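Student: Show me how the following folds:
(2 chains)
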Amino acid sequence: MSLIKYIIKRLLIAVVMFVVIMAIVWVFIGFIPGSPIERPLARLTVGFEPHEIEAIRQQLLHDFGLDKPYFMQLLDFFTGIFTGDWGLSISEQHFKYEVFDLIKVYFPRTLEITIIPMIVVNLAAVKLGKYTAVKRGKTGDHVFRGLAIVLVSLPAFWVAILLQYAFREIVPAVTFGLIDLPIVGLYSTKYTARNVPYVTGFRTIDSLLANQLDLFLDTILHLIIPAMVFFIAIFGHMLRPARSCMLDVIENDYIRTARAKGCSEKDVINKHAFRNALVPYSTFIGFNVGYFISGAAYVELIFAFNGIGKAMVTALLNTDYFMIRGCVVIFCLINIFVNLAIDVMYAILDPRISYG
Amino acid sequence: MNEKIKRTVFSRQFWGKNYDKMKLFRKKQFENTIKMEGDTRKERFVRYLKFFFLPCFRASEINRVEFEIGKIKSKRTFFRRFLTPLTILGVICLLFIFWCAVFPNWASKYTFEEIAVWVNIYDPAYDTPSLKHPLGTGGSAWDILARNIWSSRFSLQISFLAVAIAFVIGILLGIISAYAGGWVDNILMRVVDAFVVFPALILAFLFIAIWGNKLQYIMIALGLSGIPAYARIARASALQEKSKLYVDAGKAAGASRFKIMFKHILPNAWTPLIVRVTFHLAVATLSVAGLSFLGFAVSDVPTWGWDINAARSHMYRAPWAMVWPGVWITIAALGFQLIGDGLRDVLDPKLKLL
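Tutor: As a prediction, the model looks like this:
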């Protein structure tokens, strides 16, 4: 019962937090100097008479819903979040496109490059954390701890550029052209004319559904280096908590008891220690979600990968109000949802904690 | 007599006008040395008698002296435990970076004006490493070594101030919410949770979009996004300290709430916060570099990230221009990380990474 109460309480807090954050974002975006329609207006009305410009300005203000009172705009925004009406884009490239449709295109692409490294990183970190904790103070432990420290202090964007350089200049030369991975873009230029129907938004899945195997392989090849960058950037951050969680568990009395009753060392580590170490480790998964949001921006900019991170950066540079707001909404939703899921999962996995 | 006068005269000649200062220093030094007080013949005799006739007698002076020796010993063990090979490596990294940041005029052959001026963006002069320019040239024909040395100053300034903002506000929030408890605690912690959910990058972007492309706004945004970690750590360790006896003693003695919070609880809750500062410095250095890489930096203030961004478009022609700033970033972050690791091992071995 108390668990259900706890979950409901967390859910309510999450909803309140979402509303408050959205209001803060709204206020912040309102502070950006200049009207959002100045830029498109200047673009659309080259050589027009002043009274014509005024008419077009009024028309644009009406189109974007900016002629309403301030409070009504806020209300529109909050209802729009649930009805899918997230406003229209103001940028030159996607003028008057629905923001929700743009995000529906961009977001799966980001998910596509982040989700596989995320899973791989967590599996590898857990596995290596177990290994280093068991071999504490020995050579293997020192090697992986040193590796983790070095990886943590490498700037991700620099690693991305170095990998780009290496995979264009060094690796093909060393391997006599056997390994020649594409270093930029979503897919090769020869596929630009190829139309793939939008089903899930993931290009890999869509190309498979459209029965285009060559495009699928090409997309996979383009995903490899960004995925490597994500892996390098996040691995050190996840290995250290994995090790410390495992070390905490190994020092407990019940591990000694398990050894005393005659369990084999393998069983002690894998069944008694490892499973208990996974519970505190699960709280750290939320951390890398936050990281992927900012990491996505760098990686997508460097690899010319039109995902949500790049969309957000370009929107901020063009002061594309509704697009900024849409990106913030989606990031905050993910973050709140993941934090909520982790809290609830932790409460279910570890019944000892107090539901405070 | 004669001997003494001679000695003082010589000493005066040697020390000159600092003679009085030296005497005072000697006197203080003498006062600070561990010595048994009340060492007159009479008191020594009384102590001797007490030692003989009172069972289990122990002079209070001995306790004091033992305490002093213990303090010195613990200090020695602190340094002995701190100076592992990895931490020494970290100290060397940081010394290098601080040498660059504090004395760039001495460390580099070129002045600030020579490396900070962007002359012609359309015809950048990238030159291979030579004797005159050990790491080559980049951008507008500036020496990359000198440029890196100068930019370490500005990069470190931004990250230090960001950490300072996060540190002060985070500790204030954490300790107040731990001490006050109840609804104050609830509201403050929800505010902190909201800061966690808010991505740092978006915050920085919004600040820059509102107030313009200035370094202080990057600093403030990074500082604000660093608050939650400090607030949570400060709250956790202040909650532990709050239930201890000395807080009750302070209350009974009539200390104000402010005094109890910041004079009694805070000094006892320092350790995890200090460890966190070193790690946060590493993270902040990387984030500053990242933000300036994205172009959110002023072009006439050299920073590592901005240099990498500028060299990126000439990557295949001149890889050295993009490699070296990254090496500097890595050295700085590595130094902070290693020192943080060492400090954590010494101060609080059970502390988890947060």
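Student: List the buried residues of the helix or strand encompassing residue B:145.
Tutor: Following DSSP states H and E, one finds residue B:145 within helix B:144-180. Within helix B:144-180, the residues that qualify as buried are B:144-163, B:165-167, B:169-179, counting by 16 or more other C-beta atoms under 10 Å in any protein chain shown. Backbone N, C-alpha and C define where each C-beta goes, glycine included.
Student: hmm, it in reach of chain A?
Tutor: No. Using C-beta under 8 Å from any C-beta of the partner chain, we find that helix B:144-180 stays clear of chain A, coming within 11.2 Å at best.
Student: what about stretch A:91-110, start to end distance?
Tutor: Length of stretch A:91-110, first residue to last, C-alpha to C-alpha, to the nearest Å: 20 Å.
Student: quick one: average pLDDT of it?
Tutor: What stretch A:91-110 shows for mean pLDDT is 87.
Student: buried ones in that stretch?
Tutor: Those would be A:91, A:94, A:97-100, A:102-103, A:105-110, for stretch A:91-110 by 16+ other C-beta under 10 Å.
Student: same question, stretch A:250-267
Tutor: Per 16+ other C-beta under 10 Å, stretch A:250-267 contains these buried residues: A:250, A:255, A:258.
Student: Tabulate those residues (CSV), appending secondary structure, pLDDT and distance to residue B:254.
Tutor: Converted to CSV, the buried residues of stretch A:250-267 look like this (DSSP: H, G, I helix; E, B strand; the rest coil; pLDDT from 0 to 100; distance: C-beta to C-beta, whole Å):
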residue, secondary structure, pLDDT, distance to residue B:254
A:250, helix, 87, 48
A:255, helix, 90, 49
A:258, helix, 90, 54
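Student: residues from the stretch 251-354 of chain B in reach of chain A?
Tutor: Within the stretch 251-354 of chain B, the residues that sit near chain A (C-beta under 8 Å from any C-beta) are B:282, B:286, B:289-290, B:293-294, B:305, B:308, B:312, B:315-316, B:319, B:322-323, B:325-326, B:329-330, B:333-334, B:336-338, B:341, B:350, B:352-353.
Student: got the domain boundaries for the chain?
Tutor: Defaulting to chain A. A:1-97+A:321-356, A:104-317 (automatic domain parsing).
Student: To clarify, I was referring to chain B.
Tutor: Split by automatic domain parsing, chain B gives B:18-82, B:85-353.
Student: pLDDT averaged over the first one - what is it?
Tutor: Yep, that's domain B:18-82 we're talking about. Computed over domain B:18-82, the average pLDDT equals 75.
Student: for the least confident helix or strand in chain A by mean pLDDT, packing partners?
Tutor: When each helix and strand of chain A is scored by mean pLDDT, DSSP states H and E, helix A:285-302 comes last, with a mean of 78. If you count contacts as 3 or more C-beta pairs under 8 Å, 6 or more residues apart in numbering or on different chains; DSSP states H and E, helix A:285-302 packs onto helix A:99-134, helix A:156-165, helix A:213-250, helix A:308-317, helix A:321-349, helix B:200-211, helix B:270-293.
Student: okay, and for the stretch 101-250 of chain B, where does confidence drop off?
Tutor: Scanning the stretch 101-250 of chain B for pLDDT under 70 picks out B:118-124, B:199.
Student: Get me the contact residues on it for chain A.
Tutor: Contact residues (C-beta under 8 Å from any C-beta) of the stretch 101-250 of chain B with chain A: B:190, B:193-194, B:196-202, B:205-206, B:208-210.
Student: and these, which are buried?
Tutor: Among these, those buried by neighbour count (16+ other C-beta under 10 Å) are B:193-194, B:196-202, B:205-206, B:208-209.
Student: Just give the closest residue to residue A:278, not the sequence neighbours.
Tutor: residue A:126 (7.0 Å; C-beta to C-beta, 6 or more residues apart in numbering or on different chains).
Student: typo on my end, residue A:125
Tutor: residue A:238 (3.8 Å).
Student: Which helix or strand contains the closest residue to residue A:178 other than its chain neighbours?
Tutor: Nearest non-adjacent residue to residue A:178, counting by C-beta to C-beta, 6+ apart: residue A:172, 8.0 Å away. Here residue A:172 sits within helix A:171-174, counting by DSSP H and E.
Student: What residues of that helix count as buried?
Tutor: Of all the residues in helix A:171-174, those buried under the rule 16+ other C-beta under 10 Å are residue A:171.
Student: Alpha carbons of that helix, as PDB, please.
Tutor: The C-alpha coordinates for helix A:171-174 follow below in PDB (Å, rounded to 0.1, in the frame of the first residue of the first chain):
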ATOM      1  CA  VAL A 171      42.700   3.800 -40.400                       C
ATOM      2  CA  PRO A 172      42.200   3.200 -44.200                       C
ATOM      3  CA  ALA A 173      45.900   3.700 -44.800                       C
ATOM      4  CA  VAL A 174      46.900   1.200 -42.100                       C
END
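Student: among the residues of the stretch 251-354 of chain B next to chain A, which are in strands?
Tutor: The strands, defined by DSSP state E, take in nothing from these.
Student: Can you tell me which of those residues are buried?
Tutor: The buried subset of these (16+ other C-beta under 10 Å) comprises B:282, B:286, B:289-290, B:293-294, B:305, B:308, B:312, B:315, B:319, B:322-323, B:325-326, B:329-330, B:333-334, B:336-338, B:341, B:352-353.
Student: give me the low-pLDDT residue ranges for the stretch 151-300 of chain A?
Tutor: Applying pLDDT under 70 to the stretch 151-300 of chain A flags residues A:293-294.
Student: How about the residues of it by chain B?
Tutor: A:152-158, A:161-162, A:164-165, A:168-169, A:240-241, A:244-245, A:248, A:290, A:293-294, A:297-298.
Student: what about the helices in the stretch 1-150 of chain A?
Tutor: Taking DSSP state H, counting those that start in this stretch as the test, the helices found in the stretch 1-150 of chain A are A:2-31, A:38-44, A:50-63, A:70-83, A:99-134, A:139-152.
Student: And the fifth one, what does it pack against?
Tutor: On a contact count with 3+ C-beta pairs under 8 Å, 6+ apart, helix A:99-134 meets helix A:139-152, helix A:203-209, helix A:213-250, helix A:274-281, helix A:285-302, helix A:308-317, helix A:321-349.
Student: and the third one, what does it pack onto?
Tutor: Looking back up the chat, that one is helix A:213-250. helix A:99-134, helix A:139-152, helix A:156-165, helix A:203-209, helix A:274-281, helix A:285-302.
Student: possible to save these as CSV with distance to residue B:93?
Tutor: Output for these, formatted as CSV (distance: least, C-beta to C-beta, whole Å):
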stretch, distance to residue B:93
helix A:99-134, 23
helix A:139-152, 11
helix A:156-165, 17
helix A:203-209, 42
helix A:274-281, 30
helix A:285-302, 24
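Student: where does the stretch 251-354 of chain B have low pLDDT?
Tutor: B:299, B:348-354.
Student: And the helices in it?
Tutor: B:257-259, B:266-268, B:270-293, B:304-312, B:319-347.
Student: among these, which is nearest residue A:76?
Tutor: Taking C-beta to C-beta, helix B:270-293 is the member of the helices of the stretch 251-354 of chain B nearest to residue A:76, at 32.2 Å.
Student: Measure how that closest one sits relative to helix B:200-211, angle-wise.
Tutor: Put simply, helix B:270-293 runs at 60 degrees to helix B:200-211, going by axes from the mean of the first three to the mean of the last three C-alpha atoms, to 10 degrees.
Student: Now do helix B:270-293 against helix A:139-152, angle only.
Tutor: 50 degrees.
Student: what comes up buried for helix B:270-293?
Tutor: Quick answer for helix B:270-293 (16+ other C-beta under 10 Å): B:271-273, B:275-293.
Student: swap in stretch A:173-191?
Tutor: Buried-residue list, stretch A:173-191, by 16+ other C-beta under 10 Å: A:182, A:183, A:186, A:187, A:191.
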